[in-house]
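Peer 1: pasting a predicted model and its sequence here:
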Amino acid sequence: MTNFINLITQTADKFEQLIQTHCTNLTTIPTEDFGWINHRWYSKQFRLAHVERFEQPKFSVLHTVIFPHLTDPSPIFGFDIIASDTKATGLFFDFSPTVDDYGVISSNVWSEPRERPEWGTIFSEHWIACRPSFQEAETISYLACELLSKYLSELGTKTTEHVPQVIEKQNQYSLNQRQNTHTTRVLMKILGPERGQYFVENILFPTI
């Protein structure tokens with residue numbers, strides 16, 4: 001397989017399978033139809049997980065984020081890939097810290113690293129951000145599935161007294177992500193200004 005779109009589909013399927021397998025009391029959050037796939041849940045392990053499959057004629061996007069419960073010090077899981085059939089323009093993978101920092105994700109050096117945006121202070125120092133070759137995208141996607149399995153199995157096993165810090169960090173994550181003007185611009189073009197802004201603030205990156 002050398003098709004990025006197929007890789008995105010397989011990775012999304014695996015993410016959803018892992019969420020459904022590892023999580024107890026998994027409950028679907030009703031989400032209106034915006035014209036593409038948005039699966040959202042809450043469970044005993046997390047307060048919100050969102051797997052978005054955004055498909056357009058010339059490109060496809062997989063966006064995944066998992067917010068732990070507010071009493072859980074675990075970092076936020078985030079994975080995004082944007083690609084056409086033959087080329088990926090960006091792949092981003094991180095465990096963004098709240099109270100706890102996940103640590104090193106991979107020791108690999110990627111061929112075309114992406115620069116951290118000004119609003120990217122929410123990401124850990126170990127984040128993966130690159131324009132990957134197909135082989136690199138396969139490697140990172142496989143790694144993300146492996147680490148997601150481990151992450152989900154550990155969510156909810158620790159508690160913290162620093163709930164205000166968790167709330168602040170999770171809110172900051174969403175507020176900073178909203179500063180990605182490219183995402184907002186694309187969504188507004190497709191959905192219209194009001195509905196596009198609603199999607200960004202209430203579906204993609206809601207605050208507490």
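Peer 2: Structure's in. What do you need?
Peer 1: in this protein, which spans are strands?
Peer 2: 27-28, 37-42, 46-55, 60-68, 76-83, 88-96, 128-130 (DSSP state E).
Peer 1: direction included, what does the shortest one pair up with?
Peer 2: Just to be clear, that refers to strand 27-28. Strand 27-28 has the following strand partners under DSSP bridges: strand 37-42 (antiparallel).
Peer 1: per-residue confidence averaged over the partner strand?
Peer 2: Strand 37-42 carries an average pLDDT of 98.
Peer 1: list the buried residues of it.
Peer 2: The neighbour-count check on strand 37-42 (16 or more other Cβ atoms under 10 Å) flags Asn38, His39, Arg40, Trp41, Tyr42 as buried. No exception for glycine: its C-beta is placed from N, CA and C like everyone else's.
Peer 1: what would these look like in CSV with distance to Glu161?
Peer 2: CSV is the format used below for those (distance: Cβ to Cβ, whole Å):
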residue, distance to Glu161
Asn38, 34
His39, 32
Arg40, 28
Trp41, 27
Tyr42, 22
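Peer 1: between those residues, which sits nearest Ile140?
Peer 2: His39 (21.4 Å; Cβ to Cβ).
Peer 1: export the strands of the chain to JSON lines and tack on distance to Lys169?
Peer 2: Below are those laid out as JSON lines (distance: least, Cβ to Cβ, whole Å):
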{"stretch": "strand 27-28", "distance to Lys169": "24"}
{"stretch": "strand 37-42", "distance to Lys169": "19"}
{"stretch": "strand 46-55", "distance to Lys169": "13"}
{"stretch": "strand 60-68", "distance to Lys169": "10"}
{"stretch": "strand 76-83", "distance to Lys169": "8"}
{"stretch": "strand 88-96", "distance to Lys169": "8"}
{"stretch": "strand 128-130", "distance to Lys169": "19"}
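Peer 1: wait, Ala129 touches Gly90, no?
Peer 2: Yes - here Ala129 reaches Gly90: they are 7.4 Å apart, a contact under Cβ atoms under 8 Å.
Peer 1: look at the two and report which has more neighbours.
Peer 2: Ala129 (20 against 16; other Cβ atoms under 10 Å).
Peer 1: residues contacting the more buried one?
Peer 2: For Ala129, the contacting residues are Gly90, Leu91, Phe92, Phe93, Pro113, Arg114, Glu115, Arg116, Phe123, by Cβ atoms under 8 Å, 6 or more residues apart in numbering.
Peer 1: show me which pair in those residues is furthest apart.
Peer 2: Using Cβ to Cβ for every pair in these, the one that comes out farthest apart is Phe93 and Glu115, at 15.7 Å.
Peer 1: quick one: which of the two has more around it?
Peer 2: Higher neighbour count among Phe93 and Glu115: Phe93, with 24 against 7, using other Cβ under 10 Å.
Peer 1: name the nearest residue to the more buried one, sequence neighbours excluded.
Peer 2: Nearest-residue entry for Phe93: Ile128, 4.3 Å, with adjacent residues in sequence omitted and distances by Cβ to Cβ, 6 or more residues apart in numbering.
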